[in-house]
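Participant: quick check, what structure comes out for this input:
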Amino acid sequence: MQNIKLTLAYDGTDFSGWQIQPGQPTIQGALADVLEKLTQSRVTIYGAGRTDAGVHAEGQTANFKTESSMTPVEFQRSLNSLLPLSIRVVASEAVDPEFHARWNAAAKTYRYRIFRGRVVPPFLWRYVHQEYGPLDFDAMAEAARRFEGEHDFTTFAASTGSDEEDQDRLTVRAIFRSEFLRCGSKNVFHSDESSAEEWTYIVRGRSFLRYMVRKMVGTLVEVGRGRLSPDDIPALISLRDRSKCGPTMPTQGLCMLAVEYENHERDLV
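Facilitator: Predicted coordinates:
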């Protein structure tokens, strides 16, 4: 029995997220369908993170166990020949039988891209959220750092839909890095957009609650608009009240950059 680890990149625009859903196109479902053709059996695929509909990945990881004699390299080539072009297997390798993509993950890094311009280039719209109104970048950058450390992130977590489950779930998370970066846009195509730029939020943590990153970014945008201050972030965390955070940002700006399986710091950007 082989345990195969895959590193995946995908454009999540046309998918209803990672997890298999009846009658809906999903990343996990597409992988399972192709692997069934290759192995002549239905395999269970475990992903490091259940990305939501419209969320992208550059470094999602997954694993599956199989009795097939195909090598990891053969799996990579065959999967890439049969999967939609919007899903690519970046790497494939045999791992320890006990390896689990989700439960063994030591850290995950996500990126959220904000386009600062009035016209989003057509080759960018799938991957950025547009915000062209006045925003205070320095305040947002300062506020972002306040998320670092181990905190109870109830304020920034979506409800499970069950009061009982919400009460019982663990909501303490460790954030190792929370940073806003600023860079000029390389994709501007109108002269009046010469000042357009992209703001990128990078967050690295051990694990994340549902919608947590998008709610954190929404709260930071509220800081940029002057409706909140950097000093409000610790207070919001302490409140543990979902109604007090900023809006949940749209999915297209979010991308899973990497999953780590060793406890060491990595500078991904």
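Participant: neighbouring contacts of stretch 237-250?
Facilitator: Stretch 237-250 has contacts (C-beta atoms under 8 Å, 6 or more residues apart in numbering) with 54, 112, 129, 147, 151-159, 171, 211, 214-222, 228, 236. C-beta coordinates here come from the backbone N, C-alpha and C atoms, glycine included.
Participant: what's the end-to-end length of that stretch?
Facilitator: Its first and final residues considered, stretch 237-250 spans 22 Å by C-alpha to C-alpha, to the nearest Å.
Participant: going forward, begin numbering at 125 instead of 1
Facilitator: In the new numbering, first residue 125, that becomes stretch 361-374.
Participant: show me which positions of it end up buried.
Facilitator: Neighbour counts over stretch 361-374 (16 or more other C-beta atoms under 10 Å) mark 361, 369, 370, 372, 373 as buried.
Participant: that one: how far from the chain's middle?
Facilitator: 18 Å (C-alpha atoms, centre = their mean, to the nearest Å).
Participant: what sits against the spatially closest residue to residue 135 that is not a sequence neighbour?
Facilitator: Closest residue in space to residue 135, ignoring its immediate chain neighbours: residue 210 at 4.3 Å, by C-beta to C-beta, 6 or more residues apart in numbering. By C-beta under 8 Å, 6+ apart, the residues touching residue 210 are 134, 135, 137, 138, 139.
Participant: with neighbour count added, can I get those residues in a markdown table?
Facilitator: Converted to a markdown table, these look like this (neighbours: other C-beta atoms under 10 Å):
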| residue | neighbour count |
| --- | --- |
| 134 | 27 |
| 135 | 18 |
| 137 | 15 |
| 138 | 12 |
| 139 | 25 |
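Participant: any idea which of those is closest to residue 200?
Facilitator: residue 134 (14.6 Å; C-beta to C-beta).
Participant: ok, the closest one touching residue 181?
Facilitator: Yes - using C-beta atoms under 8 Å, residue 134 is in contact with residue 181, at 5.2 Å.
Participant: now the strands for this protein?
Facilitator: Here the chain has its strands, by DSSP state E, at 126-134, 170-171, 180-190, 211-218, 231-240, 253-254, 273-276, 296-308, 321-329, 378-384.
Participant: among those strands, which comes closest to residue 147?
Facilitator: Shortest distance between residue 147 and those, using C-beta to C-beta, is found for strand 211-218: 18.8 Å.
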